[in-house]
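coords below, sequence missing:
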């Protein structure tokens, strides 16, 4: 079995490398690949943010851009200006994270995740130079620590903190989902009334939508100018009236995850391919949910459902305006989304946690029992 997975990993690397080549030579001529060309072309840029800004997450978007540019410059210098090799280097970063995640889940979960990671759009966007490859690496590193924590296994606090900080710098909108997930898992490991506390925490987190409704509404309208309808596939403004960001959230969240509609799929081969891929992906997710929910513990369901909600809701303003942007932004959070659907809903993880809790309570109970017995013997002797 170990040999078989070694072959699978080699195939995955070759497949992703081929997509790096395809992205550089073919796809880039059909559509824009974000700022991939800039990141691959080299040219060091001095960091314009201060150390205090970095610590306080100020100007984090600019910092992430400059950091990725310098990373691309290092790769560009290392490979003597060969931009294809720069793309492959970024691909390898994401590949390391993906394999690290696959090696830390059960055999059934590994097989399902492996299939999900083969989807072309995810592999393409995480196999070219850019922030997406870095985000995939970090989200996979964090996901492994989450899986280890939920199963009661040893985990690396250093990797957890580094990946969490990097993700908040690169994708600040991930923060609500990540913070809720980590707090919920901490509660699951340290609080006996874990299910009630996590359910209450989920309700409290959703209440923040009302508390900050005006701020969220204003931020949503600020996204619209970043998309030009003249660009071709960009949609008209999705929010027109006040608080449309909430009233239209269910449909907007679906669009931001799915990408092109059936009507948009007729505009070109890339839109059609994305539509077919998203249809298959949504079908697989639906099958996973149906098969998992019947046996999923309520605690795991609340943790997974709330995390997935925050992942998609916080990202939907960035993906709803353009189907291509939807597919691209989906790439970054897909690994954690898949982990929530495949690993966290698994009854196996919950049973492991229960066994750990039972063992720990037993260990704590032994000294107390011995003390009571010794006291009882002393009273009898008296």
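Yes, it's here. For clarity, every value in this text was computed on a predicted model and none was experimentally measured.

which ones are touching residue 235?
Contact analysis of residue 235 by Cβ atoms under 8 Å, 6 or more residues apart in numbering lists 227, 229, 320, 321, 322, 323. C-beta: built from backbone N, CA, C; applies to glycine.

who are the neighbours of the helix or strand where residue 122 lies, in terms of helices and strands?
Residue 122 belongs to helix 120-125 when assigned by DSSP states H and E. Applying 3 or more Cβ pairs under 8 Å, 6 or more residues apart in numbering; DSSP states H and E, one finds that helix 120-125 contacts helix 2-22, helix 269-293, helix 323-339.

Can you report the mean pLDDT over the residues of the second one?
Throughout helix 269-293, pLDDT has a mean value of 92.

can you check the first one too?
For helix 2-22, mean pLDDT rounds to 93.

dump the residue contacts of residue 257.
Counted by Cβ under 8 Å, 6+ apart, residue 257 has contacts 278, 312, 316, 319, 326, 330.

Which helix or strand contains it?
helix 249-258.

in that helix, what's buried?
249, 252, 253, 255, 256, 257, 258 (16 or more other Cβ atoms under 10 Å).

Skipping adjacent residues, who's closest to the first one in space?
Counting by Cβ to Cβ, 6 or more residues apart in numbering, the nearest residue to residue 249 once its immediate chain neighbours are dropped is residue 313, at 6.5 Å.

same deal with the last one?
Distances taken as Cβ to Cβ, 6+ apart put residue 278 closest to residue 258, at 4.7 Å, once the chain neighbours are dropped.

how near is the one you found to residue 265?
Between residue 278 and residue 265 the distance is 9 Å, computed by Cβ to Cβ, to the nearest Å.

With residue 67 instead?
36 Å.

ok, which stretches of this structure are strands?
Assigned by DSSP state E, the chain shows no strands.

Flag the shaky bits of it, pLDDT-wise.
1-2, 45, 51, 53, 56, 228-233, 347-382 (pLDDT under 70).

Quick test: name the residue nearest the centre of it.
residue 333 (2.8 Å; Cα atoms, centre = their mean).

Leaving aside the residues adjacent along the chain, what's closest to it?
residue 311 (4.8 Å).

Kindly report the same for residue 284.
Going by Cβ to Cβ, 6+ apart, residue 284 has residue 116 as its nearest residue, at 7.0 Å.

who touches that neighbour in this structure?
Taking Cβ under 8 Å, 6+ apart, we find residue 116 in contact with 122, 281, 284, 334, 338, 342.

Include neighbour count and distance to residue 76 when you put those into a markdown table, please.
Shown next, in a markdown table, are the contacts of residue 116 (neighbours: other Cβ atoms under 10 Å; distance: Cβ to Cβ, whole Å):
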| residue | neighbour count | distance to residue 76 |
| --- | --- | --- |
| 122 | 26 | 25 |
| 281 | 19 | 33 |
| 284 | 16 | 37 |
| 334 | 22 | 27 |
| 338 | 23 | 32 |
| 342 | 23 | 36 |
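
And the residues you listed, which is closest to residue 57?
Within the contacts of residue 116, proximity to residue 57 (Cβ to Cβ) peaks at residue 334, which comes in at 23.7 Å.

my guess is the closest one meets residue 121, correct?
No: using Cβ atoms under 8 Å, residue 334 is not in contact with residue 121; the gap is 9.2 Å.

Now do the contacts for the residue lying closest to residue 329 once chain neighbours are set aside.
What sits nearest to residue 329 in space, not counting adjacent residues and going by Cβ to Cβ, 6+ apart, is residue 319, at 4.5 Å. Contacts for residue 319 (Cβ under 8 Å, 6+ apart) come out as 255, 256, 257, 259, 325, 326, 327, 328, 329, 330.

swap in residue 311?
Residue 311 sits next to 174, 177, 333, 336, 337 when contact means Cβ under 8 Å, 6+ apart.

Looking at those, which is nearest residue 164?
Nearest to residue 164 out of the contacts of residue 311 is residue 174 (Cβ to Cβ; 9.3 Å).

what about that closest one, how many neighbours?
24 (other Cβ atoms under 10 Å).

swap in the one 3 residues further on?
Neighbour count of residue 177, defined by other Cβ under 10 Å: 26.

and residue 108, how far is that from residue 65?
In terms of Cβ to Cβ, residue 108 sits 39 Å off from residue 65.

neighbour count winner among these two?
Between residue 108 and residue 65, counting by other Cβ under 10 Å, residue 65 is the more crowded of the two (18 against 12).

Quick check: the gap between the more buried one and residue 328.
Using Cβ to Cβ, residue 65 is found at 15 Å from residue 328.
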